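K.L.:
quick one: sequence and predicted model below, then my questions.
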Amino acid sequence: MGVTTPFATFGLIHRFEQIAGVESVTFNLLHGVADVTLRPGAVVTDDEFRRAVRNASYTPGPIRWKHPAPGISPN
């Protein structure tokens, strides 16, 4: 994503938190990776995360779901 400053991570975290169903977000600046926790039963798609990254003027990288659960709809 090219995120290199704590201020930039704050902006991405804020955008991810605006997605319905997102419970919390942390960001590893060193690796450029966000860890997102969803609310139980939430349905969130890859496209919603990609759109949030693009809206923050970054290019989304690959999305890896660590623990797909019922209601999560990667596409």
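P.N.:
That came in fine, so what should we check first? Residues are numbered from 1 along each chain as shown.

K.L.:
what comes up buried for the helix or strand bottoming out on mean pLDDT in the chain?
P.N.:
In the chain, no helix or strand scores lower on mean pLDDT, DSSP states H and E than helix 6-17, which sits at a mean of 84. For helix 6-17, a neighbour-count test (16 or more other CB atoms under 10 Å) marks A8, T9, G11, L12, I13, R15, F16 as buried. From N, CA and C alone the C-beta is placed, and that goes for glycine too.

K.L.:
give the pairing partners of the helix or strand just after it; include direction for each.
P.N.:
Scanning forward in sequence from helix 6-17 by DSSP states H and E, the next helix or strand is strand 22-28. Sheet pairing of strand 22-28 (DSSP bridges) gives strand 33-38 (antiparallel).

K.L.:
just the angle between the strand it pairs with and helix 6-17, please?
P.N.:
30 degrees (axes from the mean of the first three to the mean of the last three CA atoms, to 10 degrees).

K.L.:
so what does the helix or strand following strand 33-38 touch, helix or strand wise?
P.N.:
Moving toward the C-terminus from strand 33-38, the next helix or strand (DSSP H and E) is helix 46-55. Using 3 or more CB pairs under 8 Å, 6 or more residues apart in numbering; DSSP states H and E, the elements in contact with helix 46-55 are helix 6-17.

K.L.:
sounds good, over and out.
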